[in-house]
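*Asks:* My questions concern the predicted model and sequence given below.
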Amino acid sequence: MDLFEYLNNIMDFFKLPIWRNLIYGFVFFLIIIWLSFVYWVYRDARLRNTSAVFWALAVFVLNYLGLVIYLILRPPEFIDDIVERDLEIKRMEVLLNSKLTQCPACGNEIKEDFLICPYCRKKLKNSCSKCGKPLSLDWKVCPYCKTTR
């Protein structure tokens with residue numbers, strides 16, 4: 001009989017209104033997390049240029065399973081990252097095609113035929129005494145007119 005009374009006391013303890021309110025609070029917390037996942041998926045899918053409404057509905061209907069599916073299938077890059085990478089590639093192509101280099105001292109862009117850097121005045125090349133063409137500092141002979149230094 002003592003065991004039966006003991007189990008009744010435990011059951012009476014869990015019948016208190018506080019436990020029902022805690023369960024409602026926990027369910028409310030799970031619903032808020034679920035809806036925040038729906039919003040996050042919608043925003044993330046828009047940034048990645050996928051069907052944002054479709055993925056938000058998938059997470060709304062399938063709950064956490066939809067979130068896992070979205071995380072597996074979502075595109076790996078944001079649109080802004082793709083655009084930035086393409087612009088950087090175009091900038092590098094322009095730099096390579098325009099025969100611009102960088103000054104070894106200050107890092108500013110200079111043309112290949114500059115004798116000194118116009119920004120920091122570092123000597124970059126020598127000029128040939130006969131033809132006047134720019135020569136690298138370590139060259140002993142002008143490759144244009146065969147003049148020795």
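*Replies:* Everything's here; your move.
*Asks:* so is the most centrally placed residue in the chain in a helix, a strand, or just coil?
*Replies:* With distances taken as C-alpha atoms, centre = their mean, residue 81 lies nearest the centre of the chain, 5.8 Å away. For residue 81, the secondary-structure state derived from DSSP: H, G, I helix; E, B strand; the rest coil is helix.
*Asks:* close enough to count as contact, residue 119 and residue 109?
*Replies:* No. Contact criterion C-beta atoms under 8 Å: residue 119 and residue 109 do not qualify, at 9.3 Å. Any C-beta I mention is one placed from the backbone N, CA and C, and that applies to glycine too.
*Asks:* anything in contact with each of the two?
*Replies:* Jointly contacting residue 119 and residue 109 under the rule C-beta atoms under 8 Å, 6 or more residues apart in numbering are residue 103.
*Asks:* all helices in the chain, in order from the N-terminus.
*Replies:* Counting by DSSP state H, the chain has these helices, from start to end: 2-14, 17-47, 52-62, 64-73, 79-97.
*Asks:* which parts of stretch 96-111 are buried?
*Replies:* Taking 16 or more other C-beta atoms under 10 Å as the neighbour-count basis, stretch 96-111 is seen to contain the buried residues 103, 110.
*Asks:* which non-adjacent residue is nearest residue 75?
*Replies:* The shortest distance from residue 75 to any non-neighbouring residue, by C-beta to C-beta, 6 or more residues apart in numbering, is to residue 48 (4.6 Å).
*Asks:* Equivalent analysis for residue 117, please.
*Replies:* For residue 117, the spatially nearest residue (C-beta to C-beta, 6+ apart) is residue 103, at 4.2 Å.
*Asks:* go on, residue 115?
*Replies:* In space, and not counting its chain neighbours, residue 115 is closest to residue 125: 5.1 Å by C-beta to C-beta, 6+ apart.
*Asks:* still on that earlier bit, how many other residues sit next to the residue nearest to residue 75?
*Replies:* Residues near residue 48, counting by other C-beta atoms under 10 Å, number 18.
*Asks:* Retrieve the pLDDT associated with it.
*Replies:* Predicted confidence (pLDDT) at residue 48: the value is 91.
*Asks:* And residue 108, by the same measure?
*Replies:* Residue 108 carries a pLDDT score of 88 in this model.
*Asks:* Kindly report the same for the one 3 residues further on.
*Replies:* At residue 111, the pLDDT value in this model is 85.
*Asks:* rewinding a little: in a markdown table, list the helices of the chain along with distance to residue 139.
*Replies:* Rendered in a markdown table, the data for the helices of the chain read as follows (distance: least, C-beta to C-beta, whole Å):
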| stretch | distance to residue 139 |
| --- | --- |
| helix 2-14 | 92 |
| helix 17-47 | 53 |
| helix 52-62 | 61 |
| helix 64-73 | 58 |
| helix 79-97 | 24 |
